[in-house]
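> Fold the following for me, if possible:
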Amino acid sequence: MEELRGISEGSGIDLQTIFMHQLGDEYWFNTEDIMAHHCSSFGINKSSNQPSMAAQNMDIPTYYHGYQTVMQISDSESDMKMMFLTIPGHLGITGMNNKSVSINCNTLMQLDYGKTGLPVTFIVRGVVGKSTQEEALEFLNSIQHASGQNYIIGGPDVVKSMECSANKVVEFRPFENSMFTYHTNHPLRNDDYNSTYLKMLKEANKSAEEGLYQCERIISFEERFTEDTDKVGIDEIKNVLSSRDSDTQDVISNDWTYASVIYELSESPKFIIAPGKPHEKEYIEIEFK
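Numbering: from 1, shown residues only. Take a look at the predicted model:
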């Protein structure tokens with residue numbers, strides 16, 4: 001909040017507006033737009049020949065596009081450095097630190113939310129401010145969540161996918177002992193649904209398992225990465241994030257894709273970004289300084 005006050009003072013924009021600028025997910029939940037859905041994330045555990053990695057296509061409204069920004073923050077009291085993909089005036093929409101802790105976010109509009117919980121933006125900053133993945137997961141489990149959200153929490157050894165709602169935090173993995181995980185915008189383990197979604201299911205005569213519609217993006221992950229998959233490298237991650245596998249508009253690299261990030265969570269962590277749709281833009285590496 002002190003940082004937001006500084007942004008307000010420096011920009012000349014009132015604090016209430018700057019604060020609202022941080023609340024992208026909370027805006028959608030409080031308008032009860034259950035059909036709002038975008039973003040695709042992936043994570044792979046460390047193996048004998050490569051570090052763990054976490055990645056995401058960040059899909060946000062097109063009026064933000066053209067303002068892709070990467071921000072690095074150095075802690076004056078420690079050697080912690082944090083790097084975020086963001087929008088001007090925003091605290092950060094996804095990011096990592098030089099301790100190989102990272103976070104990626106996917107909205108889960110079907111899950112329950114709370115008006116007194118911590119907003120997604122502040123959770124992003126809270127996780128990336130932690131020195132270990134264990135601390136980040138403890139934080140994620142200890143707070144009250146304002147919005148239904150899947151967080152892929154990266155660490156130097158494993159990457160975890162956590163479905164969070166107002167009343168529950170549940171881990172998702174595609175199958176037991178999977179070396180990778182992925183997520184889009186449908187709860188796959190958490191059943192803490194909000195009342196609006198349950199009402200819409202009833203009106204459509206559908207079960208929660210069926211959902212209101214089929215996500216084509218999750219199918220791209222499921223078909224590309226199976227129980228028989230024994231190798232996933234950065235090229236495979238770039239390929240899936242650049243993919244347009246469906247004949248519909250619901251493809252992984254789509255019109256809403258603001259940027260694509262890959263976090264290499266090694267001893268010398270790397271922030272890799274395509275500043276736009278990855279099927280159109282090349283990935284570049286930005287170093288911690």
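
> Doesn't residue 239 belong to a helix?
Yes. Assignment of residue 239 by DSSP: H, G, I helix; E, B strand; the rest coil places it within a helix.

> Check what pLDDT it gets.
On pLDDT, residue 239 comes in at 97.

> Torsion angles phi and psi at residue 127?
Main-chain torsions, residue 127, degrees, to the nearest 10: phi -70, psi -50.

> Looks like it contacts residue 138 (just checking).
No. Residue 127 is beyond contact range of residue 138, at 10.5 Å (criterion: CB atoms under 8 Å). For the C-beta atoms, the positions are set from N, CA and C on the backbone; glycine is no exception.

> residue ranges of the helices in the stretch 1-150 of the chain, please?
Applying DSSP state H, counting those that start in this stretch to the stretch 1-150 of the chain gives helices spanning 2-11, 15-21, 24-30, 120-128, 133-142.

> ugh, wrong one, the stretch 151-289 of the chain
So, for the stretch 151-289 of the chain - with DSSP H, counting those that start in this stretch - the helices run 195-203, 216-224, 234-241.

> Next, the angle from the shortest one to helix 216-224.
Per axes from the mean of the first three to the mean of the last three CA atoms, to 10 degrees, the angle that helix 234-241 makes with helix 216-224 is 150 degrees.

> For helix 234-241, name the packing helices and strands.
Other helices and strands packing on helix 234-241, by 3 or more CB pairs under 8 Å, 6 or more residues apart in numbering; DSSP states H and E, are strand 40-44, strand 52-59, helix 216-224, strand 257-265.

> thinking again about what came up before, out of residue 127 and residue 138, which sits in the more crowded spot?
In terms of neighbours (other CB atoms under 10 Å), residue 127 is the more surrounded of residue 127 and residue 138; the figures are 24 against 12.

> so who does that one touch?
101, 103, 136, 139, 140, 151, 153 (CB atoms under 8 Å, 6 or more residues apart in numbering).

> repeat that for 10 Å
Neighbour list for residue 127: 95-97, 101-103, 105, 133, 135-137, 139-140, 151, 153-154 [criterion: CB atoms under 10 Å, 6 or more residues apart in numbering].

> For those residues, which single residue is the most surrounded?
Most surrounded of those: other CB under 10 Å gives residue 102, at 32 neighbours.

> Return the set of residues that bridge with that one.
Here residue 102 sits in beta bridges with residue 96, residue 154, going by DSSP bridges.

> ok, now residue 285?
residue 272.

> quick one: buried residues of stretch 241-256?
Neighbour-count burial for stretch 241-256, counted by 16 or more other CB atoms under 10 Å, picks out 241, 242, 243, 245, 250, 251, 252, 253, 254, 256.

> now stretch 163-172
Going by neighbour count (16+ other CB under 10 Å), the buried part of stretch 163-172 is 163, 164, 165, 166, 168, 169, 170, 172.

> The first one and residue 193 touch, don't they?
No. Contact between residue 163 and residue 193 fails when scored by CB atoms under 10 Å: they sit 11.6 Å apart.

> For those two, list the residues in contact with both.
Common neighbours of residue 163 and residue 193, counting by CB under 10 Å, 6+ apart, are 108, 111, 148, 187.

> Contacts only, for the residue most central in space within the chain.
Central residue of the chain (CA atoms, centre = their mean): residue 105, 1.6 Å from the mean position. Applying CB under 10 Å, 6+ apart, we find residue 105 in contact with 24-25, 39, 41, 56, 58, 93-94, 120-121, 123-124, 127, 147, 149-152, 164, 183.
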